[in-house]
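**Q** Kindly generate the corresponding structure for this input.
(one chain, ligands or ions: 2)
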Amino acid sequence: MSGGVIVQEARCRGCAKCIKSCPTEALRVSEGLVRIIPELCIDCGECVRVCREKAIQLYEDDWQLLRAQKNLVLMADPTFYVQVGAYARPALMKEALQSSGIEDLTEYEAAAYDITAYAIAKLLETESRERLPFISTYCPAVLRLIQINFPELVGRIVPVESPLEIGVLLWKQKTGRDDPVTMAVPCPAKTTLVHAPEGREKSTMSYSISVRRLIRDILAGSPKVTGSLPAQPNRRWLHWSVSGGECRHIQAFSERPLTTISVSGLRNTKDLLTELELGRLSGVDYIECRACDLGCIGGVGTSESRFLSQLRLDSIQFEWTPTDEERLAAASRFESDVWRLEKPFTAKQRIPLAENLKEAMDKLRTMNAIFSELPHIDCGSCGRPSCRALSEDIVRGHGEMTDCIFKLRERIYGLSAEIHSLSGKIPHTFRSQVIHDHEDQRFV
Ligand code: SF4
Ligand code: SF4
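**A** Ligands and ions are numbered 1, 2, ... in the order given. Down below sits the predicted model:
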């Protein structure tokens, strides 16, 4: 867990509905309370979606404190701009934000998404075909899923900075300002961009708030929007909030036709990554995966139905072909290296069973032996997502065989049979006495 989701203990009923939703088996329920294994959590937000008690929530910084700041500077995820029908244009939303006393960095986003798409297009042109396809880094949950579950694919992750970070860097360079920036996020994974980024030591942004909370706050103020601000000529970047938008943007800057695959949802993402791992995707240049259904508009931190957000996006006119001026601007920023990562992405080691190899092998054998005794039906009654997870917890010292309801029943049955058998026994000293006193009496 990188800080994207938090548990509200007082709300948890211990119902264990959430444990099977987690794609990395990071959840456990014991003593009526859910627990997240931080090293396994990828901040996808599936558990937030499933829990009806709202016991697992997207982490947000204190909105009241942020609102109390004299000048609140906002970098909003593209999903933010298609949440409300009346303001479903960046210029209209900018005006609504201004009337609420919030300064947003929309104009830098257009340039930042262009430079990201341009940099990826250039890397795809210069990279040897054997090293392709590259995989997008835009969804931090997918990035972490690869680091934890598909470590051999880490070398294929495209080494380009997030456009949201680049946008803030461009703003800082242009204005020389260093005010703290708050990001409006659609999901827990984007929260980690701010609080635990990959590819850099520290984010250019300081705080995060959900798109939903920001939208509610703005609407509560009934902002007056006149449409007086000029419309942005380039709105391609808005399309990164739906599956396929990133690939289309990269294609717009590429000198050659690209073969790309875009998928959304964790199941599709895992299936596609497995196929890539098995070497079945030759001839593909680029893979764009989003953990949420339909893309970021399906994130748990949004306020609008993802289907309506998509309709709104479809109603906006997009200029996919960059102008000469936009091409030149992207090319010159490409030279400035603003898109480069500070440090490479690395695989994340799963927690070893033991530090010492021999001990780890012994524990693995014990784990397999325990697993072979379990019923293999993954019912979840033990508070673990699968029988294998229970066997792993037992060898790690975090559980016991009788946590399994079937093993507990077997044990109770065995004990009751033993008690029954014992109850029929009479100490032989007493028996001889009885025989002596009642010579015709016999014990069976
Ligand atoms: S779904 Fe999970 S987090 Fe929610 S109440 Fe049940 S056990 Fe607790
Ligand atoms: S956020 Fe995703 S990975 Fe983390 S515990 Fe929830 S379901 Fe599992």
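
**Q** any low-confidence regions in the stretch 1-150 of the chain?
**A** Scanning the stretch 1-150 of the chain with the threshold set as pLDDT under 70 gives 1-2.

**Q** And the strands in it, which stretches?
**A** Secondary structure of the stretch 1-150 of the chain (DSSP state E, counting those that start in this stretch): strands located at 5-7, 27-30, 33-36, 56-58, 72-76, 102-104, 134-135.

**Q** For residue 211, give its distance to residue 170.
**A** Here the criterion is C-beta to C-beta, to the nearest Å. By it, residue 211 lies 22 Å from residue 170. In short, each C-beta sits where N, CA and C put it, glycine included.

**Q** try residue 37
**A** Going from residue 37 to residue 170 by C-beta to C-beta gives 38 Å.

**Q** Look at those two and report which has more neighbours.
**A** Applying other C-beta atoms under 10 Å to residue 37 and residue 170 shows that residue 170 carries more neighbours, namely 22 against 17.

**Q** Surely residue 116 touches residue 161?
**A** Yes - Residue 116 sits in contact with residue 161 when judged by C-beta atoms under 8 Å, with a separation of 7.3 Å.

**Q** what does the protein put close to ligand 1?
**A** Residues of the chain lying close to ligand 1 by C-beta under 6 Å from any ligand atom are 12-18, 29, 34, 50-51, 53, 55-56.

**Q** Could I get those residues in a markdown table, plus columns for distance to ligand 2?
**A** Formatted as a markdown table, the residues of the chain next to ligand 1 follow (distance: C-beta to the nearest ligand atom, whole Å):
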| residue | distance to ligand 2 |
| --- | --- |
| 12 | 13 |
| 13 | 17 |
| 14 | 16 |
| 15 | 15 |
| 16 | 13 |
| 17 | 12 |
| 18 | 7 |
| 29 | 12 |
| 34 | 9 |
| 50 | 8 |
| 51 | 9 |
| 53 | 14 |
| 55 | 11 |
| 56 | 6 |
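
**Q** so how far is the longest helix along the chain off the chain centroid?
**A** Scanning the chain for the longest helix, with DSSP state H as the assignment, gives helix 106-126. Computed by C-alpha atoms, centre = their mean, to the nearest Å, the chain-centroid distance of helix 106-126 equals 23 Å.

**Q** And that helix, what does it pack against?
**A** helix 90-99, strand 134-135, helix 163-175, helix 245-253, helix 324-335 (3 or more C-beta pairs under 8 Å, 6 or more residues apart in numbering; DSSP states H and E).

**Q** show me the contacts for the residue nearest to residue 27 when sequence neighbours are not counted.
**A** Excluding its sequence neighbours, the residue lying closest to residue 27 (C-beta to C-beta, 6 or more residues apart in numbering) is residue 19, at 4.5 Å. Shown in contact with residue 19 (C-beta atoms under 8 Å, 6 or more residues apart in numbering): 27-29, 34, 380, 383-385.

**Q** Next: residue 4.
**A** 41, 43, 45, 58-59, 187-192, 195.

**Q** Buried ones from these, can you make that a ChimeraX selection?
**A** To isolate the buried members of these in ChimeraX, using 16 or more other C-beta atoms under 10 Å:
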select :41,43,45,58,59,187,188,189,190,191,192,195
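
**Q** out of the contacts of residue 4, which are inside helices?
**A** Applying DSSP H to those, the entries found in helices are 188-192, 195.

**Q** Between all of the residues you listed, which two are separated the most?
**A** Checked with C-beta to C-beta, the ones in helices among the contacts of residue 4 reach their widest spread between 189 and 195, with 11.3 Å between them.

**Q** Might you report the residue contacts of residue 352?
**A** Contact partners of residue 352, counting by C-beta under 8 Å, 6+ apart, are residue 360.
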